[in-house]
Each structure stands twice: as C-alpha cells, then as structure tokens.
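Participant: Could you look at this predicted model? Sequence included:
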Amino acid sequence: MVVEGTCHYQTEKRPKMAASDTSSQSMASQSKTADAPQTSFEEIEIWLDQHPEFTHDYFARKATRSMIDGWYIATAVSQGVKPAAGDVNHSPNSSSGSNTPVRKVSASDFELREAGGSLGRMVQTVDGSPSFLGPSVTHQGKLSPPVRSRNSINELKQLEDRRILMELVKDIANDLDQNSLCHKILQNVLILTRADRGSLFLVQGKGTENCLLVSKLFDVTIDSTVEESVGKEIVKVAWGKGIVGYVAKTGETVNIANAYEDSRFNCEVDLCTGYKTRSMLSMPIKDPSGEVIGVAEVINKLGGIDKPEAFDETDEQVFEQYLQFCGIGINNARLYQRAMLEVKRNKVLLDLARVIFEEQSTLSSIMRRILELTISLLRCERCSILLVDESPRGIFSQVYELGTSDLENKGQNINSSSTGSSCRFPVHMGITGFVATTGQTLNISDAYNEPKFDSKCDEQTGFRTKQMLCMPIRNANGTIVGVSLLVNKIDGVAFNKNDEEMFEAFAIFCGLGITNTHMYENACRAVAKQRVALETLSYHATASQEEALRLKKMSIPSNTELGLAKFSFNELRFTEDDMLIAGIRMFHELDFFNKFRINYETMCRWLLSVRKNYRNVTYHNWKHAFSVSQTMFAILKTGQLCNVISDLECMALLVACFCHDLDHRGTNNKYQIMTESSLAQLYSTSVMEHHHFDQCIMILNSKGCEIFNNLSPEDYSQVTRLVEHAILSTDLAVYFKSRGDFF
C-alpha cells in the first residue's frame with residue numbers, strides 16, 4: 001500500500017512495556033544486586049570455554065530447537081548471505097547442464113526490486129568481455145568475506161558507547177544479505193538510541209516518475225528475528241510525503257519530541273494498532289557518493305511511562321555516525337546482489353543459448369525453439385518473429401508465430417504459422433516495419449493508443465492486443481535479420497525495462513542462431529548441388545555399358561605378341577583400342593582377376609572410363625598414361641619387382657600409373673596457383689596431383705567401375721593409400737626433394 005503521509009505500521013496491537021522492561025534498556029545504571037549473578041555467569045562461561053568437549057557434549061544432548069534457532073540468528077546470519085529459496089538451483093557452483101529453465105525462469109526473476117530497476121544494458125568490461133554490469137561492479141573482488149561472530153545484545157549493553165559503535169560497525173561490515181543487514185542495522189540503532197522499535201525504508205525507482213520508499217523491514221524490535229520482520233506486509237511511502245518521504249527527499253534529519261504536534265505525522269497507524277507514538281527520530285541513509293538510498297526511523301525513546309523521553313542531540317550524533325557505515329554496507333550488499341543476479345542471468349542465458357544452438361538443423365525448428373523460449377522467458381501470450389529477406393532488401397519474407405495455447409498443445413497440431421509462413425510485404429509498414437527500418441525498440445503499454453498500431457488483425461482474429469514489445473534481431477555484423485514482436489504480458493502489466501534488457505541479451509543468441517542456421521542450410525544446399533554435379537559428371541565421365549560389352553568381346557593377344565614386358569616397347573604403333581586391350585593383358589599377366597576377384601566386364605568399363613577422362617592435350621594424355629603403365633609392367637615382370645613387393649602393392653602401382661594424369665589441363669601447378677584457379681583454391685599443395693587422385697577415386701566409386709569392390713576393408717584402405725601416395729609423388733617438386741635420397 002502507498003501511504004501519502006507517515007508510513008502505516010503493522011496492524012497488530014503492540015504490548016505496552018512494563019516499567020521494569022523499560023528500565024532494563026538503560027545501560028547507564030546497573031544495580032549491585034544484579035552484579036552477583038552476573039559474576040557467577042561469567043565464571044561459568046570461563047569454565048565452559050576451558051572445557052569445550054563438555055560444552056559441545058552438553059549442547060548436543062540438551063539443546064532445543066529454539067536454542068538452535070537463537071544461535072543461528074545470533075551468529076550464522078552475520079556470516080554471509082543466505083540464498084533465497086528460489087536461488088538454490090542457480091548457485092554459482094551448479095552446473096549449466098541440460099536442465100534448461102524453460103517455463104520456470106522469467107525475466108522478472110532478475111529485477112532489482114529493492115533498488116528499483118534492472119541490471120542495465122550490456123557493456124564492455126576492461127578485458128572486452130560483454131557484461132550487464134559496469135567495470136565498477138564486475139571487479140568487486142571477493143564476494144564471500146571472512147566470517148565474524150556477532151556479540152549478543154547483553155554483551156553489547158555492557159560496553160561503552162564508542163566500543164558499542166565499533167562493535168556494531170564490525171557486525172555489519174561483512175554482511176552482504178540485505179534482509180540480514182538491514183535487520184542488524186535497525187536492532188543496533190535501537191541499542192544506540194534506546195528506542196522501542198523502528199523501521200527501515202529503501203528508495204526504489206529513484207530518478208523516475210514512480211520513485212517511492214519501500215519498507216525493507218518494518219516494526220522491528222530489539223527481540224524480533226529476521227524471519228518475523230521480513231514476513232510482514234510491505235509498506236510503500238510516496239516520495240516526499242509524510243515524515244519518511246520528507247527525510248528521503250530533503251536528506252534532512254527529523255527529530256520530533258511529540259509526533260502529534262507535527263502536521264506531517266499520520267496518526268491512522270496508532271488508531272489501528274492502539275500503540276501510542278510519542279517521540280520519533282528519522283534520518284537518511286546515504287551511499288558513498290552522498291545519494292539518499294534509504295531512511296531509518298526509530299520511535300519512542302525508552303524511559304519512564306509518566307515521563308516520556310525525547311531523542312536528544314547525542315542520539316542524533318550517534319545515529320548519524322552509525323548510518324554512515326550503514327550506507328556503505330547497504331551499497332555493498334546491493335552490488336553483491338547485482339553480481340549474483342548477473343551470474344544467475346548469465347547462467348540462464350547460456351542454458352538458453354545452448355538449447356538454441358542444438359536446434360540448428362532447420363530454420364523452422366530453431367524458430368519454433370526461439371518462440372517457445374521467448375514466451376517462457378518474458379511471460380507473454382503471443383510471440384511473432386518476422387525475418388527480413390536478404391535479397392532484395394526491404395521486405396519481410398517469412399513470419400513465425402506462437403502462443404501460449406500452442407505450448408500447451410505441443411504434441412498436437414499447432415498453428416501453421418509457428419512453422420513459418422511465406423509472405424512478402426514492405427518492412428516500412430506498421431510497428432514491425434518501424435523497428436526493422438530504424439533498429440529502435442518499441443515498448444507500448446496500450447496498443448490502441450499507438451498511431452502505428454493496426455487493429456484490423458484483432459478484428460479478424462478476435463484477439464485483443466494490449467501491450468506490445470517490438471525489438472530488432474541482429475546478426476554478428478549488426479545487420480537486422482528479423483524483428484520480434486511480443487504481445488500481452490500474462491500478468492496483465494506492461495513490459496518493463498528489465499524485460500527489454502533481458503530479451504535484448506537473449507536476442508543476441510537468437511540472431512546468431514538464425515544466421516548460423518541460414519549458413520547451415522546454405523551449406524547443405526551446396527553439398528546437395530555438389531552431389532548432383534558429381535553424379536552428373538560421373539554419368540558423363542563413365543563409359544557406357546555398351547562400350548564395355550564391345551571391349552569384352554574383343555580377343556586379347558598374348559603378352560609375347562604384344563611385347564609388353566620389353567623395355568624397348570614402342571606404343572606409337574598402337575591405336576587407342578589396342579592400348580585398352582594391352583591394358584587388360586597386363587592385369588591378366590599379373591593374375592589380378594583371380595587374386596582380387598575382379599569382374600572382367602568391370603575392368604573393361606574402368607579402363608574405358610579412365611581413357612575417357614583424359615583430355616586431348618599435347619603430352620599428359622591417354623597415350624602418356626598407357627606408356628607409363630607399360631613401363632611399370634615391364635619393371636614388375638622383367639625387372640622382377642613383383643617378387644619383392646606384395647600383389648596388392650603391384651596392383652596399386654599399376655592402377656596409379658593409368659590414373660596419374662587424369663583430367664590434366666596441360667598446365668603445371670605454378671600456373672594454377674598464379675592464376676588463382678578453382679583447383680588452387682581447393683588444394684593448397686600439389687594442386688594437379690591431388691586433382692588426379694580425386695578423379696581416380698571418383699571413377700573407382702562410379703557404378704560399374706568398382707574394380708576394388710571385392711577387397712576386404714583393410715585391403716581397400718591400404719590400396720587407396722598406396723595409389724594416393726604414388727600419384728602425389730609424381731609432383732616434380734616432391735620428386736626433386738626426394739631424389740637425393742636415392743641418387
């Protein structure tokens with residue numbers, strides 16, 4: 001509730017304190033009768049300190065649940081930050097894993113409610129990494145300070161005022177949980193000023209039209225616990241209204257001896273609770289820069305019932321000195337909270353990004369995933385993404401849309417537009433067109449009051465558009481590749497700045513995912529085109545079955561008649577068909593047909609295809625390939641190399657000789673490199689030799705030419721490696737480099 005005057009206190013009645021309770025708050029006087037039991041307690045405590053084993057054993061056997069809770073509140077709360085219930089699964093030590101927080105985490109989880117704002121836009125830190133926080137926040141150092149035990153209230157009462165102040169400052173110095181910290185501040189203030197109770201308000205939304213003060217802790221007493229104080233109703237005070245609002249706006253201290261005599265005081269709280277407010281001391285809490293970040297208020301200084309006391313100048317001085325340290329502590333706690341929210345939000349974004357990048361198979365699948373995650377993250381009723389056509393620019397090419405009903409019926413037939421519908425309309429039309437052309441984000445709280453909004457769509461579908469958030473989606477180069485349109489928050493409120501910034505960060509991954517999917521689809525299409533081209537090339541580069549049957553029917557002369565084993569062999573008297581017949585005779589003489597179970601017709605078709613893939617160039621032609629093959633055959637037979645190497649190596653050498661200049665262009669490697677030809681771009685070294693080998697493999701894998709088809713996988717792998725090594729070795733650069741090892 002927002003109060004236009006002094007803050008409303010809790011509606012439960014407060015018990016009036018007895019005189020004995022009031023006098024017990026005084027630290028100035030202690031009766032001698034109280035010293036005796038205190039001394040005996042001190043002796044007992046000393047004895048317990050000297051016998052820790054007995055103390056531990058006694059506590060383990062006798063301690064009750066209330067005692068444990070009391071110990072926890074007095075000591076453990078000051079040791080650090082207690083994680084909220086919703087933060088357990090997002091601790092810094094938890095793994096991102098596969099538990100993507102779909103429909104479990106929303107952008108509202110990352111709002112800084114106490115500070116009244118969001119984490120802010122992504123900025124660049126010193127090392128260049130993106131962050132939602134500025135360098136002053138991202139380099140705060142250690143977030144878990146050393147633990148310090150807290151003194152009990154009775155112990156503090158026995159100290160002098162200066163030592164009390166120092167102990168209380170130490171008490172809050174290392175506490176980074178705002179609830180625990182503010183509770184300590186209030187209780188310590190009550191000790192310092194000897195006040196009955198108090199409240200602490202933090203500024204929310206400063207610098208905006210909705211600036212107000214929100215009760216972080218309300219109606220705290222010296223005996224209350226953090227859980228009791230946090231669980232009370234949140235009280236809101238308008239900026240500049242009432243005593244609290246006046247202190248926050250002016251930064252002045254207000255010390256009132258009689259609240260009912262001050263016109264700014266609102267007595268409705270006393271009427272509701274039956275509690276009588278007398279004296280009141282309100283003072284601003286400032287951060288290190290001097291900005292007011294909160295207001296601390298204490299009421300009713302404890303004294304005699306018949307003689308109510310007012311807060312004096314000493315109380316103000318002690319109060320002011322203490323609150324200076326409190327401002328630093330609260331500011332540090334806020335920075336810590338921002339850092340923790342930063343870690344949590346980054347973990348969520350990384351999980352979302354992982355899910356997106358796993359779905360980069362097709363554009364429709366990744367768009368469906370982006371729509372689902374957007375609706376879950378921003379808690380909106382509908383989400384649409386319009387993709388901008390790459391060529392020509394200036395039109396939307398596809399629209400994807402998804403609603404909450406589609407998420408609930410995920411296994412059923414969904415709206416066809418969620419899988420993408422083709423459309424072509426200018427990008428300068430309507431809200432989405434404005435965002436696509438200008439790159440600006442539009443956050444519209446009332447669509448029907450927006451001139452750019454076209455209500456015809458609502459009239460056709462019966463859907464009522466209320467709030468809209470429209471934002472561009474960019475790729476890595478900053479180019480707008482699409483526009484996202486979010487419609488109607490589920491809770492009925494308008495999209496806030498935190499929603500904008502959360503989706504702005506998420507949209508970065510969306511843009512990368514869309515761009516990568518476009519590239520993947522283009523690569524798949526390129527591979528498909530290449531496959532088709534290879535199939536077409538293979539069809540035209542492979543000899544027909546009719547040619548193979550014609551060659552199969554020809555008679556094959558003997559090796560003696562052909563003279564293939566002679567080093568003086570002259571191929572000039574041979575026609576091209578004679579060379580084919582002679583090639584078949586070489587494989588017969590080496591008994592490759594029986595040893596490797598080569599089909600005769602397959603061999604005929606393979607030889608015909610090899611001859612067909614030699615270009616009609618001056619030197620590196622089919623006749624040259626046959627001449628080199630005959631020389632290798634003579635080395636194997638006459639030179640008896642076949643008795644030194646294996647049959648598989650013999651066949652690899654002969655096949656390599658027939659194929660070593662396939663599709664030669666009549667130019668050397670240097671020419672290919674200097675002209676930056678397609679072959680030079682495809683191969684970095686031994687350009688033509690790599691191309692010859694690739695052509696060789698293409699023919700060997702073509703239908704009807706698989707002469708290695710009956711080899712075992714191991715033999716096939718070995719023979720292809722040998723063929724590759726032999727063909728690549730025909731590069732003169734490789735030859736001259738290795739020639740010195742042999743000659």
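Facilitator: That came in fine, so what should we check first? All of these numbers come straight from a predicted model, not from anything done at the bench.
Participant: Can you read off the pLDDT for the closest residue to Gly430 other than its chain neighbours?
Facilitator: On the basis of C-beta to C-beta, 6 or more residues apart in numbering, the spatially nearest residue to Gly430 that is not a chain neighbour turns out to be Asp454, at 5.6 Å. Yep, even glycine has a C-beta here, placed from its N, CA and C like the rest. Per-residue confidence (pLDDT) for Asp454: 76.
Participant: my guess is Asp454 meets Thr432, correct?
Facilitator: No - if you go by C-beta atoms under 8 Å, Asp454 and Thr432 don't touch, sitting 10.3 Å apart.
Participant: between those two, who's got more neighbours?
Facilitator: Thr432 (26 against 13; other C-beta atoms under 10 Å).
Participant: Going by residue numbers, what spans are helices in the stretch 301-450 of the chain?
Facilitator: All helices of the stretch 301-450 of the chain, identified by DSSP state H, counting those that start in this stretch, fall at 313-358, 363-378, 404-408, 430-438.
Participant: Throw those helices into TSV and include distance to Ser224 and mean pLDDT, thanks.
Facilitator: Listed next are the helices of the stretch 301-450 of the chain as TSV, based on distance: least, C-beta to C-beta, whole Å; pLDDT from 0 to 100:
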stretch	distance to Ser224	mean pLDDT
helix 313-358	18	77
helix 363-378	38	80
helix 404-408	43	72
helix 430-438	51	84
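Participant: quick one, phi psi at Thr515?
Facilitator: Main-chain dihedrals, Thr515, degrees, to the nearest 10: phi -60, psi -40.
Participant: again with Leu212
Facilitator: Per degrees, to the nearest 10, the backbone of Leu212 is at phi -160, psi 180.
Participant: any idea of the pLDDT on it?
Facilitator: Looking at Leu212, its pLDDT stands at 84.
Participant: correct me, but it touches Gln204?
Facilitator: Yes - shown here, Leu212 and Gln204 form a contact pair, counting by C-beta under 8 Å, at 5.9 Å.
Participant: Geometric centre of the chain: which residue is closest?
Facilitator: Central residue of the chain (C-alpha atoms, centre = their mean): Leu350, 1.8 Å from the mean position.
Participant: That residue and Cys510: what is the separation?
Facilitator: The spacing between Leu350 and Cys510, counted by C-beta to C-beta, to the nearest Å, is 14 Å.
Participant: try Gly245
Facilitator: 43 Å.
Participant: give me the number of residues near Thr602?
Facilitator: 17.
Participant: which of Gly245 and Cys510 has more neighbours?
Facilitator: Cys510 (28 against 24).
Participant: Can I take it that Ala60 is in a strand?
Facilitator: No - Ala60 is assigned helix when assessed by DSSP: H, G, I helix; E, B strand; the rest coil, not a strand.
Participant: Can you name the residues that contact it?
Facilitator: The contact partners of Ala60, by C-beta atoms under 8 Å, 6 or more residues apart in numbering, come to none.
Participant: Quick check, pLDDT for it.
Facilitator: Reported pLDDT for Ala60: 76.
Participant: Would you verify that Val719 is located in a helix?
Facilitator: Yes - checked against three-state DSSP, Val719 lies within a helix.
Participant: Neighbours of it, how many?
Facilitator: Val719, neighbours per other C-beta under 10 Å, totals 20.
Participant: Nearest residue to it in space, please, no chain neighbours.
Facilitator: Leaving out its chain neighbours, the residue that sits closest to Val719 by C-beta to C-beta, 6+ apart is Ala652, at 4.8 Å.
Participant: Val230 too?
Facilitator: Sequence neighbours aside, Asn179 is the residue nearest to Val230 in space, at 5.2 Å (criterion: C-beta to C-beta, 6+ apart).
Participant: Now that neighbour: phi and psi?
Facilitator: phi -60, psi -50.
Participant: My read is that it contacts Glu227, right?
Facilitator: No - Asn179 is not in contact with Glu227 according to C-beta under 8 Å; the separation is 9.0 Å.
Participant: More neighbours: which of those two?
Facilitator: Higher neighbour count among Asn179 and Glu227: Asn179, with 20 against 11, using other C-beta under 10 Å.
Participant: quick one, helices of the stretch 551-700 of the chain?
Facilitator: 559-562, 576-589, 592-595, 600-612, 622-637, 647-659, 669-674, 678-682, 687-700.
Participant: Dump the fifth one to CSV, keeping only the CA atoms.
Facilitator: Taking only C-alpha atoms (Å, rounded to 0.1, in the frame of the first residue of the first chain), the coordinates of helix 622-637 have been written out as CSV:
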residue,chain,number,x,y,z
TRP,A,622,45.8,-41.2,-72.5
LYS,A,623,48.8,-42.3,-74.6
HIS,A,624,51.2,-41.0,-72.0
ALA,A,625,49.3,-42.8,-69.2
PHE,A,626,49.5,-46.1,-71.2
SER,A,627,53.2,-45.6,-71.8
VAL,A,628,53.9,-45.1,-68.1
SER,A,629,51.7,-48.1,-67.2
GLN,A,630,53.6,-50.3,-69.7
THR,A,631,56.9,-49.2,-68.2
MET,A,632,55.7,-50.1,-64.7
PHE,A,633,54.5,-53.5,-66.1
ALA,A,634,58.0,-54.2,-67.5
ILE,A,635,59.6,-53.3,-64.2
LEU,A,636,57.3,-55.7,-62.4
LYS,A,637,57.8,-58.6,-64.8
